[in-house]
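Participant: could you work out the structure for the sequence below:
(2 chains)
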Amino acid sequence: GEKVEQHESTLSVREGDSAVINCTYTDTASSYFPWYKQEAGKGLHFVIDIRSNVDRKQSQRLIVLLDKKAKRFSLHITATQPEDSAIYFCAADQGGRALIFGTGTTVSVSP
Amino acid sequence: GPKVLQIPSHQIIDMGQMVTLNCDPVSNHLYFYWYKQILGQQMEFLVNFYNGKVMEKSKLFKDQFSVERPDGSYFTLKIQPTALEDSAVYFCASSLGQGRGTEVFFGKGTRLTVV
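Facilitator: Have a look, this model is predicted:
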């Protein structure tokens, strides 16, 4: 079945810098790649997604890139702020089936 | 925005007892999911449910687990009997469709502690 690897388990950045989280997937049929944010003790909050018909998507300070050939996608958080500190999960849809998640990246933004 | 509600937020149960976790999905959604999160990190898929049936389940969805949504009420995860390794946060999710980029909405989770 689909495996999603999230390469950075922790990421520490200074406020204003960019944070980049990289994920790879195995199922070539996957076509939908959402990102979720989880703040301490809370549930998952959708932040941004990308579909396989595009290779880049931006929403305010968030940019998602998708490289289908390499089966790799990444989340770029630009101009980071302290409230960006959280655990970020990437996911892939297994070719239209239930989402499979990466292992999570703990992002810490220091002032 | 659309909300998935989970009741209760915390549950402590003696090993061997039965527990039912309740989820109130987004009202017009048709697909329902349970995920298990261990140690605040790994989100593991358990099961998805559509039209009254389990569509897909993972290896983590043991025989002691069952799901149902009787008459459009709560979508429930029942564990009977519970084991210590069932301690985790369980997240319910729902979506209008599946695949083709349909957004999946998650609840805030139920923290289950088996003692």
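
Participant: how about the strands in chain B?
Facilitator: B:5-7, B:10-13, B:19-24, B:31-37, B:43-50, B:53-57, B:65-68, B:75-79, B:88-95, B:105-106, B:110-114 (DSSP state E).

Participant: enumerate every residue touching B:Val115.
Facilitator: B:Ile12, B:Ile13, B:Asp14, B:Met15, B:Leu84 (CB atoms under 8 Å, 6 or more residues apart in numbering or on different chains). Yep, even glycine has a C-beta here, placed from its N, CA and C like the rest.

Participant: quick one: it from A:Asp84, how far?
Facilitator: Relative to A:Asp84, B:Val115 is positioned 36 Å away (CB to CB, to the nearest Å).

Participant: so where's chain A uncertain?
Facilitator: Residues of chain A meeting the criterion pLDDT under 70: none.

Participant: can you name the residues of it that neighbour chain B?
Facilitator: A:31-32, A:34, A:36, A:42-46, A:49, A:51, A:87, A:89, A:93, A:95-101, A:103-104 (CB under 8 Å from any CB of the partner chain).

Participant: quick one, which of those are buried?
Facilitator: A:31-32, A:34, A:36, A:43-44, A:49, A:87, A:89, A:93, A:97-101, A:103-104 (16 or more other CB atoms under 10 Å in any protein chain shown).

Participant: got phi/psi on whichever residue of chain A sits closest to chain B?
Facilitator: Distances between chain A and chain B by CB to the nearest CB are smallest at A:Gly96, namely 2.7 Å. Per-residue torsions, A:Gly96: phi 90, psi 0 (degrees, to the nearest 10).

Participant: dihedrals phi and psi, A:Ile50?
Facilitator: phi -140, psi 140.

Participant: surely it touches A:Ile63?
Facilitator: No - between A:Ile50 and A:Ile63 there is no contact under CB atoms under 8 Å: 9.7 Å.

Participant: out of these two, which sits in the busier spot?
Facilitator: With neighbours defined as other CB atoms under 10 Å in any protein chain shown, A:Ile50 and A:Ile63 compare such that A:Ile50 has more, 22 against 18.
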